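Student: Sequence plus the predicted model coming up.
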Amino acid sequence: MTAGITVISGPAGVGKGTVVRRLRAEHPQVWVSVSATTRPPRPGEVEGEHYLFVSEADFDGLVSSGGLLEWATVHGKHRYGTPAEAVRSVADTGRPVILEIDLQGARQVRQALPEARFVFLAPPAWSTLEGRLRGRGTETPEQVALRLETARTELDAADEFDTTIVNDELGATLAQLVSFIGL
């Protein structure tokens, strides 16, 4: 079941979403899991496409019923998790599955599905990551500072992954990812 599951992780602002969107656009056979979250939608985010936006009570129900493959509280505030049944159903068809998740979630998936493949997406430089986070304009200065603090811990965990890809130039990053996945 898990031979086709690839976990992509890395710090906030490294470009995980951009890389995964481009991967899906160029390789439509790839299925990307949609995470559930308790945070409110950001401008332009669409329910069921970007995230499954759920209440705290609904998230509690998913946790207690075993409905999440992994879950975590991210940046000390909102919870995110990967719905288990959707991942298993798609993986069982043989279709490549991508999980775009944070470090905590990747560690849980490693325990639950050790045969999955794990990719750490890294920035070319700390200053690049900082610039990307500040440039998004989606977080307050306090939130950016928290994400940068979390990023230091996440960068230290890169050796826990099967491979690290530096996201410097999108085309080269995507080529390395496609090669690793075997598409």
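Tutor: Received the coordinates, thanks.
Student: Which secondary structure elements does the helix or strand bottoming out on mean pLDDT in the chain sit against?
Tutor: Every helix and strand of the chain was ranked by mean pLDDT, DSSP states H and E. The lowest is helix 126-136, at a mean of 83. Helix 126-136 is packed against helix 141-156, with contacts defined by 3 or more CB pairs under 8 Å, 6 or more residues apart in numbering; DSSP states H and E. The way it works is simple: take the backbone N, C-alpha and C, and place the C-beta from them, glycine included.
Student: Taking helix 126-136 as reference, get the angle to the helix it packs on.
Tutor: Angle of helix 141-156 versus helix 126-136, following axes from the mean of the first three to the mean of the last three CA atoms, to 10 degrees, is 140 degrees.
Student: Could you report the separation of Ser179 from Thr163?
Tutor: Computed as CB to CB, to the nearest Å, the Ser179 to Thr163 distance reads 10 Å.
Student: So which of those two has more stuff around it?
Tutor: Neighbours per residue (other CB atoms under 10 Å) separate Ser179 from Thr163, with Thr163 holding more: 14 against 11.
Student: Mind listing the residues bridging to the more buried one?
Tutor: Val119 (DSSP bridges).
Student: List the contacts of the residue nearest to Val30 when sequence neighbours are not counted.
Tutor: Excluding the flanking residues, the one nearest Val30 by CB to CB, 6 or more residues apart in numbering is Pro96, at 4.8 Å. With contacts defined as CB atoms under 8 Å, 6 or more residues apart in numbering, Pro96 is in contact with 4, 6, 27, 29-31, 181, 183.
Student: And the pLDDT at Pro96?
Tutor: With respect to pLDDT, Pro96 has a value of 95.
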